[in-house]
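Undergrad: next comes the sequence, and after it the predicted model I'd like to discuss.
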2 protein chains.
Amino acid sequence: MLQSNIAHAAGPSAAAGTGSAHHVVIVGGGFGGLNAAKSLRRAMRRGDCRLTLIDRSNHTLFQPLLYQVATAALDDTTIAVPIRSVLAKSPAARTLMETVTGIDRAAGTVLIAGGPPVPYDTLILATGSVYSWFGHPHWAERAPALKSAADALALRDRLLRAFERAEAEPDPAERARLLTFVVIGAGPTGVELAGAIAELAHTTLARDFRTIDPSGSRIVLCDAGHKVLASFPDRLSAYAARRLAALGIELRLGAGVSDLDARGVILGAPEGEHRIEADCVFWAAGTEATKVADWLGVQGDRRGLVAVRPDCSLPGHPSIFVIGDASAMPGRDGKPLPGLGAVAKQQGQFVGGLIAARLAGRIGERRFRYTDWGQLAMIGGSSAVADFGWIRLTGTPAWLVWSAVHLMLLVSTRNRVVVYIQWVWAWLTYARGARIIVGQPGPDR
Amino acid sequence: MLQSNIAHAAGPSAAAGTGSAHHVVIVGGGFGGLNAAKSLRRAMRRGDCRLTLIDRSNHTLFQPLLYQVATAALDDTTIAVPIRSVLAKSPAARTLMETVTGIDRAAGTVLIAGGPPVPYDTLILATGSVYSWFGHPHWAERAPALKSAADALALRDRLLRAFERAEAEPDPAERARLLTFVVIGAGPTGVELAGAIAELAHTTLARDFRTIDPSGSRIVLCDAGHKVLASFPDRLSAYAARRLAALGIELRLGAGVSDLDARGVILGAPEGEHRIEADCVFWAAGTEATKVADWLGVQGDRRGLVAVRPDCSLPGHPSIFVIGDASAMPGRDGKPLPGLGAVAKQQGQFVGGLIAARLAGRIGERRFRYTDWGQLAMIGGSSAVADFGWIRLTGTPAWLVWSAVHLMLLVSTRNRVVVYIQWVWAWLTYARGARIIVGQPGPDR
């Protein structure tokens, strides 16, 4: 369609009305991209630059709470904020809901699916990570992961529908299969998801059915490694393992997935393969970077991450930055920085500040330094673990800290209020309000 | 699959454990069906009957607020309640998430898609209504209507995506087409939907875009009749028409749809046909009954409604009741009762009470009498109309009454609290929190 016309509307001179200003293009509206954009607000007000933020969805999503959407505790809209509304007050910032298909470094443009290339003066790539099924892309359908709002709603539908199907199922073996839930990967996401499924089955749904007893559901959490929450200190990992067992979750460590089929999962353990018949299998294992290395024509690491200089720029290209999960940077201890929202957020703020300083004429070498505030993981049943380095918490204190920190990190005040109320309500009543099946049944039903 | 096994699990002797008790089967978990079920609670406690409620979705939906989900003001889960949770405390009540395919009156069974027939002693059909596209079923895709949670989310996606597409569109004519919204049918649903779209475009989104100005969106509300809110007194209809015009809505009365195509709608008016180029066309016109007359092998009226006796039973079949939108019954003035939730609710309560009385041995002729509490319609911009017969309200007083009544009618306390907070929040900030595009783009994008 009319490429030249689009160029007129979408090109540098359009809309924001400051056509001559330095044009910063950000790809990705997650923790990294959005914080970079926010850090450029003052530079935009000064007229030093204008901004285009490109994301294929219209909202920024608070992924740490996505598992609560998948398990019917929260609505998707309470953990999402329209990107446009975040940037609404900066007239020099423009949001483009588009899918990026590549980068033309020679021309200095970002290629998008639905229009002409978008030229940039400075480019920030904050495209995050995607799940990887360890070289078995066809597993993705059988063991879906949790990355977008649509993923969470599909997972919720699947979870709730499993109980409905079991209620109508006459064959006890098939009923048991429908009530077996396997979560693959025992990092924070896997632990949180398994814990929330246990709460849903054992408490919320306990009295809702007549043929089945949801509290007898089998929930299996497996990992190829030998620890749950491997990034945490041993004492907290051991605590988490005990709490998961107390929630009725079957832990299978040292057990990686060797195959997945329509009726179950095969775990490869040292003592031999073990088959688990299960209808719902969820993936919370490895992630890899999005296609950013391909776009840039550079060699990513094993997981596709792009190595960057200490100022987050691409080596040899001081105007191209890669931040967050898509980039690889060693921390102070020499180990790579973890793929956490906190790293992406701080890198976004750092790069935004760096660009603003350059535009203001302050040119000097800067190095990104990650401030590690610690890590948190919810387990379920009002317990969590928190590791702040100087203090380590478990149980209810950790749970309270987890709740407070996650409320604080939500992007809008409205979301904070709504999530807080839904949490208090659920805590008082054990109910999960979002137990609604919206989608149509799948082909197997 | 194993029909005989399913019969064992799903048949009369299963689950509820009161196999010999009178079996009431309710089809449909809306206002009618759910209130009938609630009115049978005491009879179930006494052991007089057991109950199976069949619905193809797992939740009951408060349809009067569905337009607020479609226009990003509320989450779908805040106006829905899982049917199971409503009936959780009655062990003799069982919920079946199934699609009904017919009724075998000779055998006394309800036929379902995913299992063996469900036998009944008494049957209540409360299947409601569906939209009808006046003999043009293919219009449904082009001008979708609002009946389920999935409908509302699809409509919300379509609405929000129209603004995104317009923002990226270089051709001014196409941009104008994308920003033209046509609502067909000026009854309460059409008026409420048009008013909410106007609020969304003119207020909420006003500052979010750079290329387009959403406040310049064109919103057209058309109807073949010559009044908006035709069921209201003339004075209130005229008030509503003035308020709609003040909200910037273009009213086209006496203008029925004569055709719909991929790029717009053709209105047939006395002065000749008129074409409106529009991307988003929404249907809020006629409804008809579900297939209940076919199931029963009786002749429905013009809109498929089943004529019932004064006690809501099918003539000649005292154990089969048809209530709510699926049934036709004259009111005290001889005119047919309107298709309102209030009628369905009262009929459900009446029939539940009638069955309980029969089971308790009290047999006597009873007649359903509809208590008309009046009617309400929201217009938008903090104004509404309310007609209680003895008093008629407009403007802010009507709006306050509308809000209070709708909060009161919501099915769960949790939903009341969450909706109330979202309304207050929206009223204070003009924001609509649920502006999230979840689905994948359609084939035209």
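TA: Cool, the structure landed. Residues are numbered from 1 along each chain as shown, chains lettered A, B, ... in the order given.
Undergrad: contact partners for the spatially closest residue to A:Leu340 that is not a sequence neighbour?
TA: What sits nearest to A:Leu340 in space, not counting adjacent residues and going by CB to CB, 6 or more residues apart in numbering or on different chains, is A:Gln375, at 7.3 Å. Any C-beta I mention is one placed from the backbone N, CA and C, and that applies to glycine too. Counting by CB atoms under 8 Å, 6 or more residues apart in numbering or on different chains, A:Gln375 touches A:Pro188, A:Ser231, A:Phe232, A:Leu340, A:Ala386, A:Asp387.
Undergrad: ramachandran angles for A:Gln375?
TA: Main-chain torsions, A:Gln375, degrees, to the nearest 10: phi -140, psi 150.
Undergrad: picking that back up, just the buried ones from the contacts of A:Gln375, in ChimeraX syntax?
TA: Buried members of the contacts of A:Gln375, defined by 16 or more other CB atoms under 10 Å in any protein chain shown, are picked up in ChimeraX with:
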select /A:188,232,340,386,387
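Undergrad: most widely separated two among the contacts of A:Gln375?
TA: With distances taken as CB to CB, the most widely separated pair in these is A:Leu340 and A:Ala386, at 14.1 Å.
Undergrad: residues from the stretch 301-445 of chain A in reach of chain B?
TA: Residues of the stretch 301-445 of chain A found near chain B (CB under 8 Å from any CB of the partner chain) are A:412, A:414-415, A:417-418, A:421-422, A:425, A:429, A:431, A:433-440, A:445.
Undergrad: recalculate using a threshold of 7 Å.
TA: Selection of the stretch 301-445 of chain A residues close to chain B by CB under 7 Å from any CB of the partner chain yields A:414, A:417-418, A:421, A:425, A:431, A:433-439.
Undergrad: can you give me the strands for the stretch 151-300 of chain A?
TA: Taking DSSP state E, counting those that start in this stretch as the criterion, the stretch 151-300 of chain A carries its strands at A:180-184, A:218-223, A:249-253, A:256-261, A:264-269, A:272-277, A:280-283, A:287-289.
Undergrad: ok, which of those comes nearest chain B?
TA: Of all the strands of the stretch 151-300 of chain A, it is strand A:280-283 that lies closest to chain B, at 16.2 Å by CB to the nearest CB.
Undergrad: so what are the sheet partners of that closest one and their directions?
TA: strand A:180-184 (parallel) (DSSP bridges).
Undergrad: got the CA coordinates for the partner strand in PDB?
TA: The C-alpha coordinates for strand A:180-184 follow below in PDB (Å, rounded to 0.1, in the frame of the first residue of the first chain):
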ATOM      1  CA  THR A 180      -2.700 -33.600  36.900                       C
ATOM      2  CA  PHE A 181      -0.900 -30.300  36.400                       C
ATOM      3  CA  VAL A 182       2.800 -30.300  35.500                       C
ATOM      4  CA  VAL A 183       4.900 -27.100  35.700                       C
ATOM      5  CA  ILE A 184       8.300 -27.400  34.000                       C
END
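Undergrad: go ahead and name everything in contact with it.
TA: For strand A:180-184, contacts defined as CB atoms under 7 Å, 6 or more residues apart in numbering or on different chains pick out A:143, A:190, A:193-194, A:197, A:217-222, A:257, A:265, A:276-285.
Undergrad: got the buried residues for it?
TA: Burial within strand A:180-184, assessed by neighbour count using 16+ other CB under 10 Å, is assigned to A:Thr180, A:Phe181, A:Val182, A:Val183, A:Ile184.
Undergrad: now for the residue nearest to the fourth one when sequence neighbours are not counted: which residues touch it?
TA: The reference is to A:Val183. Excluding the flanking residues, the one nearest A:Val183 by CB to CB, 6+ apart is A:Ala194, at 4.4 Å. Listed by CB under 7 Å, 6+ apart, the contact partners of A:Ala194 are A:Val183, A:Ile219, A:Leu221, A:Leu244, A:Ile249.
Undergrad: any idea what the last one is bridged to?
TA: For A:Ile249, the beta-bridge partners are A:Ile219 (DSSP bridges).
Undergrad: got it, and the first one?
TA: Using DSSP bridges, the bridge partners assigned to A:Val183 are A:Leu221, A:Phe282.
Undergrad: gap between it and A:Ile219?
TA: Between A:Val183 and A:Ile219 the computed distance is 7 Å (CB to CB, to the nearest Å).
Undergrad: what about A:Gly29, distance to chain B?
TA: Distance of A:Gly29 to chain B, computed by CB to the nearest CB, to the nearest Å: 13 Å.
Undergrad: next, format the contacts of A:Ala194 as JSON lines and append pLDDT.
TA: Shown next, in JSON lines, are the contacts of A:Ala194 (pLDDT from 0 to 100):
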{"residue": "A:Val183", "pLDDT": "97"}
{"residue": "A:Ile219", "pLDDT": "97"}
{"residue": "A:Leu221", "pLDDT": "97"}
{"residue": "A:Leu244", "pLDDT": "97"}
{"residue": "A:Ile249", "pLDDT": "97"}
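Undergrad: now these: which count as buried?
TA: Among the contacts of A:Ala194, those that count as buried by neighbour count (16+ other CB under 10 Å) are A:Val183, A:Ile219, A:Leu221, A:Leu244, A:Ile249.
Undergrad: was I right to think the second one contacts A:Ala198?
TA: Yes: with contact defined as CB atoms under 7 Å, A:Ile219 and A:Ala198 form a contacting pair (5.2 Å).
Undergrad: what is in contact with the two at once?
TA: Shared contacts of A:Ile219 and A:Ala198, defined by CB under 7 Å, 6+ apart, comprise A:Gly248, A:Ile249.
Undergrad: can you pull out the helices in the stretch 201-350 of chain A?
TA: Remark: helices assigned in the stretch 201-350 of chain A by DSSP state H, counting those that start in this stretch are A:234-246, A:292-296, A:341-359.
Undergrad: which of those helices sits most buried?
TA: Mean neighbour count, computed with mean count of other CB atoms under 10 Å in any protein chain shown, is highest for helix A:341-359 among the helices of the stretch 201-350 of chain A, reaching a mean of 22.
Undergrad: next structured bit after it?
TA: Where DSSP states H and E defines the elements, the next helix or strand beyond helix A:341-359 is strand A:375-380.
Undergrad: parallel or antiparallel, which strands does that next one pair with?
TA: When DSSP bridges is applied, strand A:375-380 pairs with strand A:383-387 (antiparallel).
Undergrad: any idea which residue sits dead centre in chain A?
TA: Closest to where the C-alpha atoms of chain A average out (CA atoms, centre = their mean) is A:Gln63, at 4.0 Å.
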